[in-house]
Structures are given as C-alpha cells and as structure tokens.
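Participant: got a predicted structure here, sequence first:
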Amino acid sequence: MGHKSYRVGVAVGAPPLFTPTPVRARMDREPYDRLDSTASSPSELFEHFERRTAGGRAYRVLPDPRHGVERGTVVVERTGAVVRGYPSVPRILTLDAGVHAAFDADETVAVEEKLDGFNVRVAAVGPDGPLAFTRGGYVCPYTTDRMRTLLDLPAFFADYPEAMLCAELIGPETPYTTHDYDDVDSHAVRVFGIRDRASGRPLPVTTRRARCEAYGFPQPRLFGRADPDAAVGMVRDAIARLDAAGREGVVLKAADGEPRAKYTTAAQHHAELAGAFSLPFDYGRDFLFSRIVHEAFQAAECDDDAALEARAHDLGESILRPMVETIRRVDAGETVGTRHTVRGDADSIDALLDHLRAQSLTVDVVDDHADGERVVEFVKVAESTTDRTRYYLNGGTRDE
C-alpha cells in the first residue's frame with residue numbers, strides 16, 4: 001500500500017466550517033436523517049463539522065460531540081456514507097453503588113477486559129478498502145495497514161458492508177500507546193464491538209463474540225455474565241487479578257452490547273500518572289486530578305490501613321519520580337517526549353510520520369532499520385515540558 005493512498009489532513013484552502021448552499025442542503029439531508037441528531041436541520045448539525053481528506057477523498061468529521069452525535073463521527077463527501085463515533089463510556093468510582101446505578105436489578109452484566117491500547121473504528125466506505133478511523137475521526141494510515149494485515153477484513157465486510165468494527169491496537173510497538181502484554185511481542189488487535197456504522201447500534205455481546213469467532217477476530221477476555229449483585233464480586237475479583245498483572249481494568253456491558261461503565265485498576269492509575277508527570281507541562285490539571293480522584297475513591301472503598309499505606313507510597317512514587325527524572329534529563333540537554341516503536345510496510349510508516357507531523361506534532365526519528373519489516377523508533381517531542389523545564393532551570397519564575 002503506497003504512501004499516496006494514505007495522504008491525510010485538512011484540505012488546502014478549505015474553511016473549517018461549511019456554508020450551506022441548496023446543493024449542499026440536498027446532499028446533507030440523507031446523512032442528517034441517518035444520524036438522528038437533536039439538531040433541527042442539516043445546516044444546524046453540519047456547521048460543526050470540519051473537512052478533511054484521506055486517500056484523495058474528502059470527508060467531514062465532528063471534532064466535538066454536538067446535538068446527540070458523538071465526537072469523531074465521519075460523513076464521506078461523495079457518497080454520504082456515515083461512520084458513527086464511538087460513545088464515551090462513563091467511569092464508576094465506587095464499585096458496589098456504581099454497578100447498581102448503571103444496571104437494573106433484572107439486567108445481565110457482561111464483564112470484559114478493558115485493554116490499554118489505541119481505540120479505532122474500521123469501516124468500508126469506498127472502493128479503496130476498509131479504513132481505520134481514530135476516536136477523533138482521523139484516518140490513520142499505519143493503523144489502517146495494520147488492521148488490513150491482522151484481520152480478514154474483505155471476508156467480513158463482504159458479508160456485513162454496513163458494519164463497523166470497534167477495535168483496540170495494543171502492544172509495545174504502536175504509534176499511540178505503549179503497554180506490555182505477556183502474549184503480544186509487537187502489536188495485536190482486539191475487537192471489542194461490532195456496530196452499525198450509521199446508527200451506532202451495537203450487536204449484543206453474545207452475537208458479537210460469536211461473529212468475531214467465526215471470522216477469527218481476537219477479542220478481549222470475557223470474565224463472565226451475572227446479575228448486578230453477583231457482578232460486583234465478579235468485577236472485584238477481575239480487578240484484583242488485572243491489578244496484579246499491571247493491566248487496565250474492565251468494561252461493564254448490557255446484554256444489548258452497549259457499554260454502561262468502566263472500572264480501572266490502581267496499576268493503571270499509577271501508570272497514567274507516571275506518564276503524565278514525566279511530561280508535566282503537556283498534560284492538563286484536570287487529567288492529573290481525575291486520576292488521583294479515581295485512586296481516592298477506590299482506596300476508600302477497598303483498602304484497609306495497610307493497603308492504603310502501600311497505595312499512598314506507590315501513588316507518591318508515580319508522581320514524583322518521573323517528574324524528577326524529566327527535570328534531570330532536560331538539565332542534561334536532552335529533549336523529552338513519548339517514545340514509540342512501529343514496524344510494518346515502509347510506505348505505511350512514511351505515511352504515519354507524515355500524518356503525525358500534519359497534526360502539528362514534532363516527531364524525531366531516532367532509529368530506522370530493517371528486521372524482516374521496517375522498524376522505526378521515534379519520539380513525539382513534548383515541547384511544552386522541554387521549554388518550560390529549561391526555563392525554570394535557568395532561573396525563570398512561576399506566578400502562583
């Protein structure tokens with residue numbers, strides 16, 4: 001797959017918003033009806049969309065949720081094909097009360113593992129083959145190539161052309177997240193949902209799991225199904241096992257496949273805080289504070305005094321150590337950021353690097369070699385943290 005097939009970005013000279021015309025209004029009517037939004041007219045909805053291009057095709061994307069339509073929802077310009085955004089899944093902070101608030105007493109709760117990876121939607125919206133869309137609605141060239149390589153997409157979309165696969169790209173070698181899994185050497189895919197791409201309606205959990213098995217699609221671990229009372233204990237046991245293994249957490253789904261809530265491990269909270277405090281001036285205070293809140297509520301519900309002391313020690317280390325290490329690295333003249341390794345087709349990796357730079361990221365390639373496939377190690381430079389830390393080291397002051 002060549003580099004030109006994956007040219008992505010904002011169309012040159014295109015305005016960020018759309019000016020309605022009679023022709024545009026007619027073209028927008030069908031996708032407007034399919035999206036079933038709360039907007040009173042197509043123009044009221046589509047004024048919030050931005051124009052982008054991928055593979056020489058123009059499409060529009062909703063960068064923020066509006067009128068009941070999810071962030072990242074895509075409308076392909078020529079065909080009017082719709083790829084619905086993935087819904088935001090609320091997080092519960094207290095397990096017992098949270099499960100019973102999210103589910104009625106007579107409902108069945110499916111408990112699946114939540115993986116620390118990169119969430120994408122895969123849909124067939126044109127003759128060039130299925131595309132992988134990020135949560136924000138960008139077409140990722142590298143992830144598209146990986147999904148086409150790792151999954152039998154032609155067979156699936158030949159049978160279900162109006163579907164979209166909701167999947168996670170996981171492993172130590174991905175361009176967006178890095179997390180070690182015992183059974184993943186480089187990267188792998190886990191399909192956690194199948195939805196109608198226009199309506200966003202999911203397949204029931206049992207149907208989706210059977211369909212994925214039929215096409216050989218790997219899926220997240222299913223811990224079980226239970227009524228809400230029993231699900232609390234099931235989640236508690238799953239979280240203890242996942243925490244010990246340094247994994248992320250669980251998603252609680254209704255029988256119809258809709259995710260109702262997520263619940264994460266202390267190990268994940270500490271890992272996220274360590275990553276954020278290693279780049280302290282590139283992450284917002286809301287992100288940092290929210291992770292500490294997650295820890296506090298989990299500790300209040302689950303910890304005795306000894307467990308609380310151990311958790312407090314681990315929390316403090318996840319905050320202080322990475323920040324000190326970053327300060328020392330900048331003081332030594334190093335540039336800091338997030339380090340990633342990717343492997344695959346040479347052209348798709350070139351397209352990935354172009355894609356990242358087109359989003360105003362500074363990307364430094366530190367290694368590029370062949371190992372069966374092309375392997376590239378690069379750093380997404382954290383310019384704000386580098387510059388601000390250097391400023392303070394040179395005697396700069398901070399207003400507080």
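Facilitator: The structure has been received and is ready for your questions.

Participant: what distance do you get for the residue nearest the centre of the chain to Pro31?
Facilitator: Among the residues of the chain, the one closest to the centroid is Asn119, at 3.3 Å (Cα atoms, centre = their mean). When distance is defined by Cβ to Cβ, to the nearest Å, Asn119 is 23 Å away from Pro31. Where C-beta positions appear, they are placed from N, C-alpha and C, glycine not excepted.

Participant: so what's Gly216 up against?
Facilitator: Applying Cβ atoms under 8 Å, 6 or more residues apart in numbering to Gly216 gives the contacts Asp152.

Participant: still on that earlier bit, the residue nearest to the centre of the chain: what's it in contact with?
Facilitator: Taking Cβ under 8 Å, 6+ apart, we find Asn119 in contact with Tyr86, Thr134, Arg135, Cys166, Ala167, Glu168.

Participant: how about 6 Å then?
Facilitator: For Asn119, the contact set (Cβ atoms under 6 Å, 6 or more residues apart in numbering) comprises Arg135, Glu168.

Participant: also Thr143?
Facilitator: Residues in contact with Thr143 (Cβ under 6 Å, 6+ apart) are Val120, Ala132, Leu169.

Participant: flag every buried residue along stretch 254-266.
Facilitator: Residues of stretch 254-266 classed as buried: Ala254, Gly257, Glu258, Pro259, Arg260, Ala261, Lys262, Tyr263, Thr264, Thr265, Ala266 (neighbour count, 16 or more other Cβ atoms under 10 Å).

Participant: no no, stretch 120-136
Facilitator: By neighbour count on 16+ other Cβ under 10 Å, the buried set for stretch 120-136 is 120-126, 129-134.

Participant: which helix or which strand is home to Val75?
Facilitator: strand 74-76 (DSSP states H and E).

Participant: tell me the strands beside that strand, with direction?
Facilitator: Sheet pairing of strand 74-76 (DSSP bridges) gives strand 57-61 (antiparallel), strand 82-83 (antiparallel).

Participant: which of these has the lowest average pLDDT?
Facilitator: Sorting those by mean pLDDT places strand 57-61 lowest, at a mean of 90.

Participant: so the chain: which segments form each domain?
Facilitator: Listed domain ranges for the chain are 3-83, 88-115+224-262, 267-318 (source: automatic domain parsing).

Participant: now distance to Asp182 too, for these, in JSON lines please.
Facilitator: Formatted as JSON lines, the domains of the chain follow (distance: least, Cβ to Cβ, whole Å):
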{"stretch": "domain 3-83", "distance to Asp182": "31"}
{"stretch": "domain 88-115+224-262", "distance to Asp182": "8"}
{"stretch": "domain 267-318", "distance to Asp182": "14"}
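
Participant: of the ones you listed, which shows the lowest average pLDDT?
Facilitator: Among those, domain 3-83 carries the lowest mean pLDDT (a mean of 77).
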